[in-house]
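the following comprises the amino acid sequence and a computationally predicted model.
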Amino acid sequence: MATNYFNERYYVTEDTEAQLLAGLIIDACTLTRDSIIDVAKILQPSDFQNTDHQRIFTAMLSCEHAISYVAIAKELDRTKTLATGDLKYLVHLVSRCYCSPFDLVYYAKLVKEYSDQRKGKSHPVVRGAL
């Protein structure tokens, strides 16, 4: 039974991380860095379970201007961490995004909560009806 819980948690965490990153890219269309600054107050790259998401978030934090596919890819390339398929993956993230820019801080808190659970800093919280 525990195996199913942790497998399910892995996919929930992956999706939450993906939605957060996609939402940050979409929100960057407003040409402000407010959302990434708010999220950076909550999360560190190491809070992401997926190592690709860690690299992408690190690149987002390092972007000097508005976050975009090109800016992220340039930053990944500059730091020599650009992997084959990264740009395609970023486009895929955004194409399936259902996260509203107004939910970004909420998603950041969820990613942090999942990170703390993986690190043994808190106990799992059961959400929703049983």
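All right, it came through fine.

any idea how far residue 71 is from residue 78?
10 Å (CB to CB, to the nearest Å). (Glycine included, C-beta is placed from N, CA and C.)

pick out whichever of those two has more residues nearby.
More neighbours surround residue 71 than the other of residue 71 and residue 78, with 18 against 11 (other CB atoms under 10 Å).

C-terminal to the helix or strand bottoming out on mean pLDDT in the chain, what's the next element?
Lowest by mean pLDDT, DSSP states H and E among the helices and strands of the chain is helix 2-27, with a mean of 73. Following helix 2-27 in sequence order, the next helix or strand is helix 34-40 (DSSP states H and E).

so where's the chain uncertain?
The chain contains residues with pLDDT under 70 at 1-11, 30-33, 122-130.

surely residue 108 is in contact with residue 48?
No: using CB atoms under 8 Å, residue 108 is not in contact with residue 48, being 10.6 Å away.

sec struct for residue 120, please.
Following DSSP: H, G, I helix; E, B strand; the rest coil, the label given to residue 120 is coil.

quick one: it and residue 71, what's the gap?
On the measure of CB to CB, residue 120 and residue 71 end up 35 Å apart.

got it, and residue 98?
Applying CB to CB, the value for residue 98 to residue 71 is 23 Å.

cool, residue 46 as well?
For residue 46, the distance to residue 71 equals 22 Å [CB to CB].

equivalent analysis for residue 39, please.
16 Å.

I'd say residue 97 and residue 24 touch.
No: assessed by CB under 8 Å, residue 97 is found out of contact with residue 24, at 9.9 Å.

which of the two has more neighbours?
Per other CB under 10 Å, whichever of residue 97 and residue 24 has more neighbours is residue 24, with 27 against 17.

isn't that one up against residue 36?
Yes: under the criterion of CB under 8 Å, residue 24 makes contact with residue 36 at 5.8 Å.
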